[in-house]
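Enquirer: This is a predicted model, with the sequence first.
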Amino acid sequence: PIATMSFDTPLSALAWLLLACLSCGICASSSSGGFIGLDNEGRALHVDAPEGGAVLLDGVNCKDELAALRVAMAALEAEVDRALAGGDGSQQPTAAREMCALPVLNLTGHTGSVNTLALYDGEHGTLLLSGASDVTLRVWDLQRMPPPTTVVFDAAHNGDVLALAVDAASNMFASSSSTGDVRVWNVSAGPTIKAWRPIASRNDAVPAVALAGGRLFATDNSEEQVRSWNVLQDASMLALLFHGEAILALLATDNGQRLYSGAEDNVIRAWDVVGPPEVSSLVFTVDGHGNDVRCLAHDPVDNILFSGSSDGTIKAWNITAHEEAASAGQQPEALFVVSDHAGAVTALAYSAAPRRLFSAAVGQVYVWDVTRSPAALVRTLAGHTSGAVNALLVVPDGGLVFSAGSDHAILGWDLEACSAAPCGHRDVLIDVDPDGDVDGPHAYALVAAGTGDDGRLYAAVGNSVQVWRPTTGDDAAPLVLQHALVPDGGSIVRCLALSDNGRRLYAGLDSADIVAWDLPTSPGQQAIMTISSGHVPKVVALAAYGNDRVASTGQDGVVRLWDVKATDAPIFTFTAVPDRTLSSLAVYNHALYAGNEDGTITVWSIQPSLQVLGKLTGHTGTVLALVVQGSLLFSAGVDGTVRTWDLSQQRAPAASTATLEQHTGRIYALATSSHDAGRHFVFSGSDDLTIVWDTSKSPPTLAHNFTTGSFSQTQALAVYDGRLYSAGSDLKLRSWQLLNC
């Protein structure tokens, strides 16, 4: 099998079959049994296995065979969902939910390490070329799914096939080997591969070749140089490009007018190879790695060169800037450096749409978002069973990324799915107190307001409210600090709340004051009002009621409701538990809910009359967080449980409808969000663990969990634009990707 999974509940035999045979791509489970397959015209059929009949699926066009693979994966997901929903109704997270959890193709046939991949996409079809240590070359037809091997050269070289390069415009490709020979092959109709021509034979291995514009480039490490031939005419040698150390990587761009080489001296060289051979020249050098340069990739739109090294880093270089600086003898700094690999970077491949860079190291494939600076790690792909990943290749029109490794396997990954961050991916970690000005670990509250470019994240940090702008993928950083709001008096900001229309921000202070700002704010903006709440000794929770009212509570067990248009006195004052702390507040349908130190939740009606409706019981410790989603109230606290309460009736519910028990410590924060697809989520945060609950189901089920990577308390959560933001006692802001949850 290409993957092994364990589940708490049994899967049907059909699902087990599919988990073992996903690489075939021609069948999938269906809700009524049987399979989904393809007819001769590529249309999707539902084949009923017990009855032997077949029904054409209306509206499903699978002429693009990759679409058929996606149909199969979706059906498999439904089967897994059905199996996992059994038993006690609990649901554990599973990698099978995500399109990128497994490769969509597994091409087998090589019996040795697959060292190199290349793509021919020309008049004779779309072909994947692979070379391996079993001395064979294989050609795979990507216009058929799964791709069959159309041509196999069992003795393509006398030794291991090390490198491949394609010139689709000339209908040729080149290969090189460990025994020093370089050969050129012609692609013709069929597709078939015509007889090869030997170009050169040396005693040393040829680890890299490049082919473009009718010119072939190959390493000659016995002389520490690059050799060049005109393969469209007489295959005569055109030029020698001297390096000084063994060359490991070659990359031809601009239709063969520019050649880049990387070598064991840690240096990248850029060569101008346009025009007569005798005028080929060195344009610039880049000396920026701490070890040999093993692989190269190019972004032709922004003219950026990516280099991977045995030092475990990838560096990005602005080619235009290097060309301009070369005449002055200068070398610009790298655009960015990423160093998250566990070992040497062995392969690179660039995708223009979406803009992603794929890298390989220590048997894994890394996916980088290069719209960020530095590039952000999106995910890792772990499909190879052993050894190194030697080659990567993007097939943009086919929507695939291929990886080849020492385990003899060639794996195909869904480009779109694998370019998206998985649920729970942390894509930002920001120190909200870089200068150490905050006295003590104070990052108590988060709220998000606005939409699109007008959206802001407000964080209570020390004695200020920091205003952060969540950015788009084109920005250098996922969060940009705009300014800070500082209440008079320098008191610690303990809690935040937003009015229902999102146009007013309230802050509760340790001085027992409540301040408010109209949104959006600007640098130096003063509060529009300050309320002396009278709470003793501080305000610990706020909840907005409509657009002009706010409820407050403190450690004195008292709840007050304020009208911001008349702040001299509260509209009402309730005492829940005298001299006991109330830790949380929520408002729903003209009722106020307060979480108590004794584990109860006190409920008051605000309209039509002020009265106590009762208490919600069930928690065994202080209720630290409350949040409302739809007509459900979620509560959490010291006992480590999340409880749900049905508020649809005009009375206090007698008991919670569900108790969610996955945390092992106290829960400090709750947040809620809804997806366009109709799924709803609640997020609960304890020490270094945040859990995503799918509240579309009844009772809610665990959809995902992820850790902060530290031992800090998760003191606040907020959701904005597909991300969950958390603030901790370590004064760090973290952003978690919610796509694919």
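Expert: Here it is on my side, so go on.

Enquirer: residue closest to the middle of this protein?
Expert: In the chain, the residue lying closest to the centroid (Cα atoms, centre = their mean) is residue 421, at 1.8 Å.

Enquirer: where's that residue relative to residue 368, distance?
Expert: Distance of residue 421 to residue 368, given as Cβ to Cβ, to the nearest Å: 11 Å. Quick note: C-beta positions are derived from backbone N, CA and C, even for glycine.

Enquirer: Overlap in contacts, those two.
Expert: Common neighbours of residue 421 and residue 368, counting by Cβ atoms under 8 Å, 6 or more residues apart in numbering, are residue 378.

Enquirer: any chance you could map the helices in the stretch 201-350 of the chain?
Expert: Ranges of helices in the stretch 201-350 of the chain, per DSSP state H, counting those that start in this stretch, are 319-326.

Enquirer: Which parts of it are strands?
Expert: For the stretch 201-350 of the chain, the strands defined by DSSP state E, counting those that start in this stretch occupy 209-212, 215-220, 225-230, 237-242, 247-253, 258-263, 267-272, 281-287, 293-299, 304-309, 314-318, 336-338, 347-352.

Enquirer: what is the rounded mean pLDDT of the third one?
Expert: Which is strand 225-230. On average, the pLDDT along strand 225-230 is 86.

Enquirer: The last one too?
Expert: If you average the pLDDT over strand 347-352, you get 97.

Enquirer: so what does it touch, helix or strand wise?
Expert: strand 293-299, strand 304-309, strand 355-361, strand 389-395, strand 400-405 (3 or more Cβ pairs under 8 Å, 6 or more residues apart in numbering; DSSP states H and E).

Enquirer: that's a strand at residue 706, yeah?
Expert: Yes: assessed by DSSP: H, G, I helix; E, B strand; the rest coil, residue 706 belongs to a strand.

Enquirer: Thought residue 378 was touching the residue nearest to the centre of the chain, still the case?
Expert: Yes: counting by Cβ atoms under 8 Å, residue 378 is a contact partner of residue 421 at 4.9 Å.

Enquirer: on that earlier part again, tell me how far the closest residue to the residue nearest to the centre of the chain other than its chain neighbours lies from residue 359.
Expert: With Cβ to Cβ, 6 or more residues apart in numbering as the criterion, residue 421 has its nearest non-adjacent residue at 3.9 Å, and that residue is residue 737. As judged by Cβ to Cβ, residue 737 and residue 359 stand 20 Å apart.

Enquirer: ok, those two, which is more surrounded?
Expert: Neighbour count, other Cβ atoms under 10 Å: between residue 737 and residue 359, residue 359 has more, with 28 against 21.

Enquirer: list the contacts for the more buried one?
Expert: So residue 359 contacts 308, 314, 341, 345, 347-348, 365-366, 368, 392 (Cβ under 8 Å, 6+ apart).

Enquirer: Of these, which is the nearest to residue 495?
Expert: Set against residue 495, the nearest of the contacts of residue 359 by Cβ to Cβ is residue 368 (38.1 Å).

Enquirer: Test for you: state the pLDDT assigned to that closest one.
Expert: 93.

Enquirer: Who are the packing partners of the helix or strand that contains it?
Expert: Using DSSP states H and E, residue 368 falls within strand 364-369. Strand 364-369 sits against strand 355-361, strand 376-381, strand 389-395, with contacts defined as 3+ Cβ pairs under 8 Å, 6+ apart.

Enquirer: Tell me what angle that strand forms with strand 304-309.
Expert: Interaxial angle of strand 364-369 relative to strand 304-309 (axes from the mean of the first three to the mean of the last three Cα atoms, to 10 degrees): 150 degrees.

Enquirer: Could I have the CA atoms of strand 364-369 written out in CSV?
Expert: What follows is strand 364-369 as a C-alpha-only set of coordinates in CSV (Å, rounded to 0.1, in the frame of the first residue of the first chain):
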residue,chain,number,x,y,z
GLN,A,364,10.2,15.0,2.4
VAL,A,365,8.7,17.6,0.0
TYR,A,366,8.3,21.1,1.4
VAL,A,367,5.8,23.6,-0.1
TRP,A,368,6.6,27.3,0.2
ASP,A,369,4.4,30.4,-0.3
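
Enquirer: and residue 289, how far is that from residue 142?
Expert: Following Cβ to Cβ, the distance that separates residue 289 from residue 142 is 34 Å.

Enquirer: ugh, wrong one, residue 713
Expert: 51 Å.

Enquirer: Is residue 584 in a helix, a strand, or coil?
Expert: strand.

Enquirer: circling back: and the helices and strands packed on strand 347-352, which is most packed in?
Expert: strand 400-405 (a mean of 27; mean count of other Cβ atoms under 10 Å).

Enquirer: Run me through the strand neighbours of that one, direction for each.
Expert: According to DSSP bridges, strand 400-405 has the following sheet partners: strand 389-395 (antiparallel), strand 410-414 (antiparallel).

Enquirer: TSV for the ones you listed, including mean pLDDT?
Expert: Below are those laid out as TSV (pLDDT from 0 to 100):
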stretch	mean pLDDT
strand 389-395	97
strand 410-414	95
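
Enquirer: what about residue 103, which SS state?
Expert: Assignment for residue 103 (three-state DSSP): coil.

Enquirer: and the closest residue in space to it that isn't next to it in sequence, what are its bridge partners?
Expert: Spatially, and ignoring its direct neighbours in sequence, residue 103 is nearest to residue 411 (4.0 Å; Cβ to Cβ, 6+ apart). Taking DSSP bridges as the rule, residue 411 bridges to residue 106, residue 403.

Enquirer: Check residue 623 too.
Expert: Here residue 623, judged by DSSP bridges, has bridge partners residue 637.

Enquirer: beta partners for residue 701?
Expert: Counting by DSSP bridges, the residues bridging with residue 701 are residue 694.

Enquirer: Quick check, it in contact with residue 691.
Expert: No: applying Cβ under 8 Å, one finds residue 701 not in contact with residue 691, separated by 10.7 Å.

Enquirer: in its sheet, what does the helix or strand containing residue 176 sit against?
Expert: For residue 176, the element it lies in under DSSP H and E is strand 172-177. Under the criterion DSSP bridges, strand 172-177 sits next to strand 161-167 (antiparallel), strand 181-188 (antiparallel) in its sheet.

Enquirer: Deepest in the core, which of those is it.
Expert: Highest mean neighbour count among the strands paired with strand 172-177 (mean count of other Cβ under 10 Å): strand 161-167, with a mean of 25.

Enquirer: okay, the angle between that strand and strand 247-253?
Expert: Computed by the same axes, to 10 degrees, the angle between strand 161-167 and strand 247-253 is 10 degrees.
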